[in-house]
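> sharing a model prediction with you, sequence too.
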Amino acid sequence: MQMPKVMLVDDEVPFVETMKKRLEKRNLNIVTAFSGEEALDTLGSNRDTDVVILDVKMPGMDGIETLREIKAKFPLIEVIMLTGHATIESAIEGMKIGAFDYLMKPCEVEQLMAKVQQATNKKREHEKRIRDARAKEALFKHGLA
Ligand SMILES: [Mg+2]
């Protein structure tokens, strides 16, 4: 499988930098953003992103608002919410509006890797189904099916 491309979004700069290094060691392609606004900007030029790991609690645009925008603009990208105990309600709300799953902070790299892999698999399958449907539609249009 092609290496997953992941965007890490969190206002805690040291967390993002440490996690980026750890995930790159495991052969993930990592893009970072430190706010919801920056995440949306950066996604615009990184449309091949598979998974966004999104902090719930950020100043400015919070995780839920950012999630809504991501899902509206890039519906195929899977989102994993990152939350502390205090904001678990928001993470659950996030899952109701389309997040793939959530992780509690502080989280283990292995846990994160496993979720990223699951989310990437889901996205790739989804994309395959869309491609298959397009191919069928094309055959039908040309009277071949
Ligand atoms: Mg935060």
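Thanks, I have it. Residues are numbered from 1 along each chain as shown.

> neighbours of residue 63, how many?
The criterion is other CB atoms under 10 Å. On that basis, residue 63 has 27 neighbouring residues. Just so you know, the C-beta spots here come from the backbone N, C-alpha and C atoms, and that holds for glycine as well.

> cool, and residue 23?
Residue 23 has 20 neighbouring residues, counting by other CB under 10 Å.

> so what's it closest to, chain neighbours aside?
Computed as CB to CB, 6 or more residues apart in numbering, the closest residue to residue 23 that is not its neighbour in sequence is residue 30, at 5.3 Å.

> that's a strand at the one you found, yeah?
Yes: the assignment for residue 30 is a strand, going by DSSP: H, G, I helix; E, B strand; the rest coil.

> which stretches of the protein form strands?
If you assign secondary structure with DSSP state E, the strands in the chain sit at 5-9, 29-33, 51-55, 78-83, 101-104.

> could you dump those to a markdown table with mean pLDDT?
As requested, the strands of the chain are arranged in a markdown table below (pLDDT from 0 to 100):
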| stretch | mean pLDDT |
| --- | --- |
| strand 5-9 | 98 |
| strand 29-33 | 98 |
| strand 51-55 | 98 |
| strand 78-83 | 97 |
| strand 101-104 | 96 |
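
> which of these sits closest to the ion?
For those, distance to the ion was read as CB to the ion. The smallest value, 4.4 Å, belongs to strand 51-55.
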